[in-house]
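Asks: Need coordinates for the following:
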Amino acid sequence: QVQLVESGGGLVQAGGSLRLSCAASGRTFSIYTMGWFRQGPGKGREFVAGIRRSGGSTAYGVPVTGRFTISMDNAKNSVYLEMNNLTPEDTASYYCAADSSYRTWFGVKAGMSYWGKGILVTVSP
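Replies: Model (predicted):
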């Protein structure tokens, strides 16, 4: 099992930036991919970004491409989400996720095996 704990959420004004962190524990050696999803008020879950532990290849959801950057520190078993030029539409609970087996990016975007409890990001106009 893998446990995930998010940090770094909060309130920010539109146009501002925020950095989310996620620390993994447990069977971290088995992690293949880590990522971020979000769920806004009255909306379904949405893929935000993903990163392969080996090689560092990344994928992003269309609404955040060019504004958000995902990165990973393998030594710290942590993944980060740098969010820039935030808009009120980015308001959501953000969830860290991880997989311990390979999925294509199509599969990753559909969901992952392990989930954090989520952290709230609120962007004010």
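Asks: which residues sit against the helix or strand bottoming out on mean pLDDT in the chain?
Replies: Sorting the helices and strands of the chain by mean pLDDT, DSSP states H and E puts helix 105-110 at the bottom, at a mean of 88. With contact meaning CB atoms under 8 Å, 6 or more residues apart in numbering, helix 105-110 is reached by 33, 35, 47, 50, 59, 61, 99. Where you see a C-beta, it was placed from the backbone N, CA and C, and this is true even at glycine.
Asks: could those be laid out in JSON lines, adding secondary structure?
Replies: Putting the contacts of helix 105-110 into JSON lines (DSSP: H, G, I helix; E, B strand; the rest coil) gives the following:
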{"residue": "33", "secondary structure": "strand"}
{"residue": "35", "secondary structure": "strand"}
{"residue": "47", "secondary structure": "strand"}
{"residue": "50", "secondary structure": "strand"}
{"residue": "59", "secondary structure": "strand"}
{"residue": "61", "secondary structure": "coil"}
{"residue": "99", "secondary structure": "strand"}
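Asks: Quick check: residue 20 touching residue 121?
Replies: Yes. Using CB atoms under 8 Å, residue 20 is in contact with residue 121, at 7.4 Å.
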